[in-house]
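> pasting a predicted model and its sequence here:
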Amino acid sequence: MPEQAQRRAPTPPTPENPPEDKQALEELRHLIVAPEQEGLQEIRDRLDSMERRAEDVSSVVAEAIQMRREHGDDQALAEALAPTIQDTLRESVRKDPQVLADALFPVMGPAIRKSISETLRAMLESFNEALEHSLSWRGIQWRIEAFRTGKTFAEIVLMHSLLYRVEQVFLIHRETGLVLTHVVAPSVATQDPDMVAGMLSAIQQFARDSFKSAGEETLGSMNFEELEIWLEASPDAVLAAVIRGHAPADYRLQMKEALEKIQQNFSSALANFKGETDPFRAAGDRLHQLLEARFREKKDGARKPRAAIIAGAVILAIILAWAGYSTYLLWEWSRFLGALRQQPGIAIISVNKSGGRFHVQGFRDPLAPDPGKLLSEAGFDPKKADLELLPFYSVDDTIVLRRAKELLHPPAGVRLSNKNGELSATGVATPKWIAQFEERAPWIAGVSAIDDSRLENTDRLEFNRLKGALESAVLVFPLGRTDLEPGQEELLAQDEKNLQGLFTLAEHLGGTVTVDIVGHTDSTGVEAANLPLSKQRADKIFATVRRAGVKQANLRPRGVATTEPLRTEDSEEGRRYNRSVTFKVAFSPAPPVH
């Protein structure tokens, strides 16, 4: 250690270093630290240069995105990029919609056809539902025609009765192709107006490019089977009307006048349009005026033939029968719901019917009746009803009683009852079951209190039986003797068994029992001699039962002579019973523990 301390002690500097040593030291320092300093300077220059950092990121960005996708986190990547992509597309459409139109051109035609086809299908289905109960002769003829041609009834009705109907009107910003406002006729199915407007703008751009037309020209109309789309353009807006049938020529004049008014009243808003459509809501009233329809006039005076009346009557009878059956089903269903609501453990929250099926929502206790079985018993097909009953614990008295019986398993001699959350037990049970009842019953769902005051303990009943048997026993003695009469030994042996059982049950019941062995005499003789004789008879029985194993502390022999006679002595049999020994039992329960 001293040697190490001397080695670590610094050498005192020399008063002066020669210049040659300084130059050598600088060269050595340069050789040692120069590479690290150059590396640190390279890192510092890279961090300070925005171009170099961008170049580093650009070299790995594709691999980073691929790695993120392989780790299953592409959803977070999509959510992070979505706002930027949306803003980019919106700005691209605002500056030059031609770019997006060129990109969508390969799918534009199929998308337009599918959109219009879906719109027509939804509208025809709605119209077919409104007219399916027509009972006129013309309606019957049209139904036959629909069946024969394979077309829907709504298509036949429109073909025969409709001249034209304007179903939708669009006001579109000419430069951006965005919808400014849009109105639609009642009961007409529609698609997203922005999507439809974008398709119309793309079709017009396609027509201009295909036929080398001037950039300011617009299509006058487009036909899609039974639909026509008429378009009118102003310097800043395009008005498009979707027409079913063939509108008259003067309707185009109405469109031009409406567009001129809109161009005049909203010129400033159109010129400065930045995507906000609220200023153009007021133009909706003028567009609603363009929603019109015309039908063929009905011929008056046409008499309905007899066959039509008969057919109408048959159809009416069928409808009435169907309505009657439906009413009967609804009545039966209402009756079933009333019975279901009365079931304990079932709570109904909502009931409705849709798609020909009944829907019931609510709650059901696991011990409640099976609703599917109840539905079958009511005559309903369980497959035509949805019973969404979530599990819960009911506090209904009947359900709480069932729950208590399943958890407590009462013996055959015990009857349980429940009222307002108080569970009562009546009958005879073992001490073990009574202890379980007192411990577990308060934890049962729906039980707020218990009552076991009418519950008899089997040990206590047995104790009372033995007590009664012992107190009713009479051990008879001959006149003036302390030995039992012949034949009394069996009765004494039974009394000994009863005493042992009595003391054992007293321990189970948590109390103490005291038995008095009482000696009696008849009235013959003098009292001064009878009292010792009665005490000797009691002592005789006391000694006998002690030899049988009964504890002395719980037995108290005493003589009463003639003071406590068992019978009157008007006969020899009465005097015989008074020459006896009897037992008196006293039970003291243990004091309650506080």
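It's in.
> least trustworthy helix or strand in the protein by mean pLDDT?
Here the helix or strand of the chain ranked lowest by mean pLDDT, DSSP states H and E is helix 2-8, holding a mean of 37.
> would you map the strands across the stretch 201-350 of the chain?
221-224, 227-233, 237-245, 293-295, 346-354 (DSSP state E, counting those that start in this stretch).
> please name every helix or strand in contact with the helix ranked longest in the chain.
Among all segments of the chain classified by DSSP state H, the helix with the greatest residue count is helix 306-342. Applying 3 or more C-beta pairs under 8 Å, 6 or more residues apart in numbering; DSSP states H and E, one finds that helix 306-342 contacts helix 137-149, strand 346-354, strand 357-364, helix 371-377. To be clear about C-beta, it is placed using only N, CA and C from the backbone, and glycine gets the same treatment.
> tell me, what residue is most central in the protein?
residue 390 (6.2 Å; C-alpha atoms, centre = their mean).
> next, count neighbours for residue 468.
Residue 468 is flanked by 12 other residues according to other C-beta atoms under 10 Å.
> tell me the secondary structure for it?
Three-state call for residue 468 (DSSP: H, G, I helix; E, B strand; the rest coil): helix.
> again, but for residue 425
strand.
> could you report the distance from it to residue 438?
9 Å (C-beta to C-beta, to the nearest Å).
> hmm, residue 181 is touching residue 287, no?
Yes - with contact defined as C-beta atoms under 8 Å, residue 181 reaches residue 287; the gap is 6.5 Å.
> of these two, who's got more company?
Each of residue 181 and residue 287 has its neighbours counted (other C-beta under 10 Å); residue 287 has more, 24 against 20.
> residue contacts, the more buried one?
Counting by C-beta atoms under 8 Å, 6 or more residues apart in numbering, residue 287 touches 169, 171, 181-183, 258.
> which pair in those residues spans the largest distance?
182 and 258 (14.1 Å; C-beta to C-beta).
> one step back: okay, the helices and strands packed on helix 306-342, which one's buried deepest?
Greatest average neighbour count among the helices and strands packed on helix 306-342 goes to strand 357-364 (a mean of 17), per mean count of other C-beta atoms under 10 Å.
> could you check how far that strand is from the centre of its chain?
Between the centre of strand 357-364 and the centre of its chain there are 12 Å (C-alpha atoms, centre = their mean, to the nearest Å).
> likewise for stretch 326-339?
26 Å.
> mind listing the helices for the stretch 401-550 of the chain?
431-440, 458-471, 489-508, 527-547 (DSSP state H, counting those that start in this stretch).
> now do the buried residues in the shortest one.
Of the residues in helix 431-440, those scored as buried under the neighbour-count criterion (16 or more other C-beta atoms under 10 Å) are 433-434, 437.
> do the same with the second one
Taking 16+ other C-beta under 10 Å as the neighbour-count basis, helix 458-471 is seen to contain the buried residues 458-460, 462-463, 466-467, 469-470.
> swap in the last one?
Residues of helix 527-547 classed as buried by neighbour count (16+ other C-beta under 10 Å): 530-531, 533-535, 537-542, 544-545.
> now the angle from that helix to helix 489-508?
70 degrees (axes from the mean of the first three to the mean of the last three C-alpha atoms, to 10 degrees).
> tell me what helix 527-547 is packed against?
Checking 3+ C-beta pairs under 8 Å, 6+ apart, helix 527-547 ends up next to helix 489-508, strand 512-520, strand 555-561, strand 580-588.
> relative to strand 512-520, how tilted is the longest one?
Taking the same axes, to 10 degrees, one finds that helix 489-508 is oriented at 150 degrees with respect to strand 512-520.
> extract the C-alpha trace of helix 489-508 and format it as PDB.
Output of helix 489-508 as PDB, limited to C-alpha atoms (Å, rounded to 0.1, in the frame of the first residue of the first chain):
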ATOM      1  CA  GLU A 489     -86.100 -52.900  38.100                       C
ATOM      2  CA  GLU A 490     -86.900 -52.500  34.300                       C
ATOM      3  CA  LEU A 491     -88.600 -49.100  34.900                       C
ATOM      4  CA  LEU A 492     -85.600 -48.000  36.900                       C
ATOM      5  CA  ALA A 493     -83.200 -49.100  34.200                       C
ATOM      6  CA  GLN A 494     -85.200 -47.000  31.600                       C
ATOM      7  CA  ASP A 495     -85.100 -44.000  33.900                       C
ATOM      8  CA  GLU A 496     -81.300 -44.300  34.100                       C
ATOM      9  CA  LYS A 497     -81.000 -44.300  30.300                       C
ATOM     10  CA  ASN A 498     -83.300 -41.300  30.200                       C
ATOM     11  CA  LEU A 499     -81.200 -39.400  32.700                       C
ATOM     12  CA  GLN A 500     -78.000 -40.100  30.700                       C
ATOM     13  CA  GLY A 501     -79.600 -38.900  27.500                       C
ATOM     14  CA  LEU A 502     -81.000 -35.900  29.200                       C
ATOM     15  CA  PHE A 503     -77.600 -34.700  30.500                       C
ATOM     16  CA  THR A 504     -76.000 -35.400  27.100                       C
ATOM     17  CA  LEU A 505     -78.600 -33.300  25.200                       C
ATOM     18  CA  ALA A 506     -78.300 -30.500  27.800                       C
ATOM     19  CA  GLU A 507     -74.600 -30.200  26.900                       C
ATOM     20  CA  HIS A 508     -75.500 -30.000  23.200                       C
END
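> I'd say residue 530 and residue 519 touch.
No - using C-beta under 8 Å, residue 530 is not in contact with residue 519; the gap is 9.8 Å.
> now the strand of greatest length in the chain: how far from the chain's centre is it?
When the chain is parsed with DSSP state E, its longest strand is strand 162-173. Centre-to-centre, strand 162-173 and its host chain are 46 Å apart (C-alpha atoms, centre = their mean).
> about what we covered before: could the helices and strands packed on helix 527-547 go into CSV alongside mean neighbour count?
Formatted as CSV, the helices and strands packed on helix 527-547 follow (neighbours: other C-beta atoms under 10 Å):
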stretch, mean neighbour count
helix 489-508, 17
strand 512-520, 21
strand 555-561, 19
strand 580-588, 19
